[in-house]
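Enquirer: Model the structure of this input:
(2 chains)
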Amino acid sequence: EAGVVQSPRYKIIEKKQPVAFWCNPISGHNTLYWYRQNLGQGPELLIRYENEEAVDDSQLPKDRFSAERLKGVDSTLKIQPAELGDSAVYLCASTRPPAETQYFGPGTRLLVL
Amino acid sequence: QKEVEQNSGPLSVPEGAIASLNCTYSDRVSQSFFWYRQYSGKSPELIMSIYSNGDKEDGRFTAQLNKASQYVSLLIRDSQPSDSATYLCAVTSGNTPLVFGKGTRLSVIA
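Expert: Residues are numbered from 1 along each chain as shown, chains lettered A, B, ... in the order given. Just a heads-up that it's a prediction; the model follows:
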């Protein structure tokens, strides 16, 4: 079974530029999560999807962050414009309820200069 | 604000010893508890899950849960250098997002 796929693995951009991250969850996993992990911290949830519906986006900074999961499979997380403080690892995870175990992708390391 | 607290470490143990990692949580209605291992530069991977009070063993790993004390721990027996990683404790009440601690960095000295 293929794991969660994310791309790109690394991204370096200048501040005020846009950036997008892509995630393909494990086949059959209808719940998808985007997390941000800062250095020395645990992952923090940005948004959770149940199929194509965003059911928890309370921690998503909506002034600059957006996400979509149009067909309930792949998802894209966008930042526009990026700020220096957005430098972090962006992790995608998926699960298939009622199971609670989340499987993480390799993450995208973002550096904003 | 739901919180999960872990000692950031580093926790250093000699090879072959027992490593004990601890975690406390603030939300009394928490029902599900997870330990993830994260190697440097890698993503978290699930080590153990535990849902009821007591011990749960899986190979060299034992998770211990005490809901009355809001405490969950992970014991690693016969620690190996390959166990050197950051261990993340994560907690949820089922309908709420998984809340992670900051992680404890474990170093197993050969």
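Enquirer: residue contacts, residue A:64?
Expert: Contact analysis of residue A:64 by CB atoms under 8 Å, 6 or more residues apart in numbering or on different chains lists A:79, A:80, A:81, A:82, A:83, A:86. No exception for glycine: its C-beta is placed from N, CA and C like everyone else's.
Enquirer: Residue of chain A nearest chain B, please.
Expert: Chain B sits closest to residue A:42 of chain A, with a gap of 3.0 Å, by CB to the nearest CB.
Enquirer: Let me know how buried residue A:15 is, in neighbour terms.
Expert: Neighbourhood size, residue A:15 [other CB atoms under 10 Å in any protein chain shown]: 13.
Enquirer: Name the helix or strand for it, please.
Expert: According to DSSP states H and E, residue A:15 maps onto no helix or strand at all.
Enquirer: near chain A, which residues of chain B?
Expert: Proximity of chain B to chain A (CB under 8 Å from any CB of the partner chain) is limited to residues B:4, B:8, B:32, B:34, B:42-46, B:49, B:88, B:90, B:92, B:94, B:97-98, B:100-103.
Enquirer: What's the ChimeraX line that selects buried ones from those residues?
Expert: Under the burial definition 16 or more other CB atoms under 10 Å in any protein chain shown, those of these that qualify are selected in ChimeraX by:
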select /B:4,32,34,43,44,49,88,90,92,97,98,100,101,102,103
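Enquirer: Leaving out sequence neighbours, find the closest residue to the residue of chain A closest to chain B.
Expert: Distance criterion CB to CB, 6 or more residues apart in numbering or on different chains; nearest residue to residue A:42, sequence neighbours excluded, is residue B:100 at 3.0 Å.
Enquirer: can you pull up the bridge partners for the one you found?
Expert: Per DSSP bridges, the residues bridged to residue B:100 are residue B:90.
Enquirer: For stretch B:59-72, which outside residues touch it?
Expert: Stretch B:59-72 has contacts (CB under 8 Å, 6+ apart) with B:22-26, B:28, B:30, B:33, B:35, B:47-56, B:73-78, B:89, B:91.
Enquirer: next one: that stretch to chain centre, how far?
Expert: 9 Å (CA atoms, centre = their mean, to the nearest Å).
Enquirer: now it: mean pLDDT?
Expert: Stretch B:59-72 shows a mean pLDDT of 96.
Enquirer: Which among the contacts of residue A:64 count as buried?
Expert: Among the contacts of residue A:64, those buried by neighbour count (16+ other CB under 10 Å) are A:79, A:82, A:86.
Enquirer: Just the ones in helices from the residues you listed, please.
Expert: With helices taken from DSSP state H, there is no overlap with the buried ones among the contacts of residue A:64.
Enquirer: Serialize those to CSV and add fields for pLDDT and distance to chain B.
Expert: Formatted as CSV, the buried ones among the contacts of residue A:64 follow (pLDDT from 0 to 100; distance: CB to the nearest CB, whole Å):
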residue, pLDDT, distance to chain B
A:79, 97, 20
A:82, 96, 22
A:86, 97, 19
